[in-house]
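Structure for this input, please:
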Amino acid sequence: MNTLVLPRPTRLPQLWRETRAELLKLFRTPSFILPTIALPALFYSLFALGMQGSSGGRGPTYMLSTYIVFGSMALGLFGVGATLAAERASGWFDMQRASPLPLWVFLCAKVLVAVTLALISMFLVMGIAGSAGGVRLHALSWILLGGITVLSAVPFALLGMAIGLYARQGGAAALANLLFLPVAFFSGLWFPLQALLPGLQHVGWVLPAYHLAQVALILTGQVVPDLLWVHLGITFLWIAAFAALAWFALRRSEHGA
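Below you'll find the model as predicted:
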């Protein structure tokens, strides 16, 4: 007797549709997402353009390298963490868990949305840097900065996911802010770490944003490339650590903690 076997849906089309739906949902609430996308470009316009005459004109190039990491970090922590916590509070996350859509597709779409928004933010900063900032780079450097933007969004999207799965709605935003500002400061995303006291200049070595910024600075010729593979290796260790943290937060949420 022949049995009817329904074809199993492929996951990539599901992931694409879920990612598109997440993007549409965010852009339908522009008061939340647009300021986060535009924040790095706004800060770059305020601070980097005023540094054109300092450091031999390298200020805008330095801050281009660090602000794309800054934008990726903001969109990962807040774009994923805050929205996921809100969805848990509203019950939408529980509905997704009960739906036929695999939960990993839903969560991976969150990461892809953070990557997409980080790239949009990067293009805004690059546009200002190239037009008003006078930044001139080799075409390959511009492309590689796009790769660093993607690489920067992933660990902070995973960390944001862990925060969103662990904390309540109000607590998630507070926790993200508590991490965001000190990490940006001690990673040298706003100004070179040499401006800090000697004892504080090495704090960045334990922070993922510092190593991502160093890779971006190497790609733009601001830093010698001697430690490139060290910075990349530490970055991937942080990605693995944040992925594990998100997994444990998911298991915790499944048990109703």
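
any chance you could map the helices in the stretch 151-257 of the chain?
169-186, 208-219, 228-254 (DSSP state H, counting those that start in this stretch).

Dump those to a markdown table, plus mean pLDDT and distance to M73.
Any C-beta I mention is one placed from the backbone N, CA and C, and that applies to glycine too. Listed next are the helices of the stretch 151-257 of the chain as a markdown table, based on pLDDT from 0 to 100; distance: least, Cβ to Cβ, whole Å:
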| stretch | mean pLDDT | distance to M73 |
| --- | --- | --- |
| helix 169-186 | 87 | 7 |
| helix 208-219 | 95 | 6 |
| helix 228-254 | 93 | 12 |
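
winner for burial among those helices?
With neighbours taken as mean count of other Cβ atoms under 10 Å, the helices of the stretch 151-257 of the chain reach their highest mean count in helix 208-219, at a mean of 26.

Skip the chain neighbours and tell me the closest residue to H231.
Leaving aside its sequence neighbours, H231 sits nearest to H211 (Cβ to Cβ, 6 or more residues apart in numbering; 4.1 Å).

Also G133?
In this structure, G133 finds its nearest non-sequential neighbour in P60, 3.6 Å apart by Cβ to Cβ, 6+ apart.

what's the neighbour count on that neighbour?
25 (other Cβ atoms under 10 Å).

and what of F191?
Neighbour count of F191, defined by other Cβ under 10 Å: 15.

any idea how far it is from S72?
With distances taken as Cβ to Cβ, to the nearest Å, F191 is found 18 Å from S72.

next one: F236
F236 is 16 Å from S72, where distance means Cβ to Cβ.

and if you look at H231?
15 Å.

now swap in A85 and tell me
20 Å.

now do A209
With distances taken as Cβ to Cβ, A209 is found 9 Å from S72.

For this protein, give me the ranges with low pLDDT.
Along the chain, segments meeting pLDDT under 70 span 1-10, 51-57, 255-257.

Okay, and the residue nearest to G133 sits in which element?
Taking DSSP states H and E as the definition, P60 sits inside helix 59-76.
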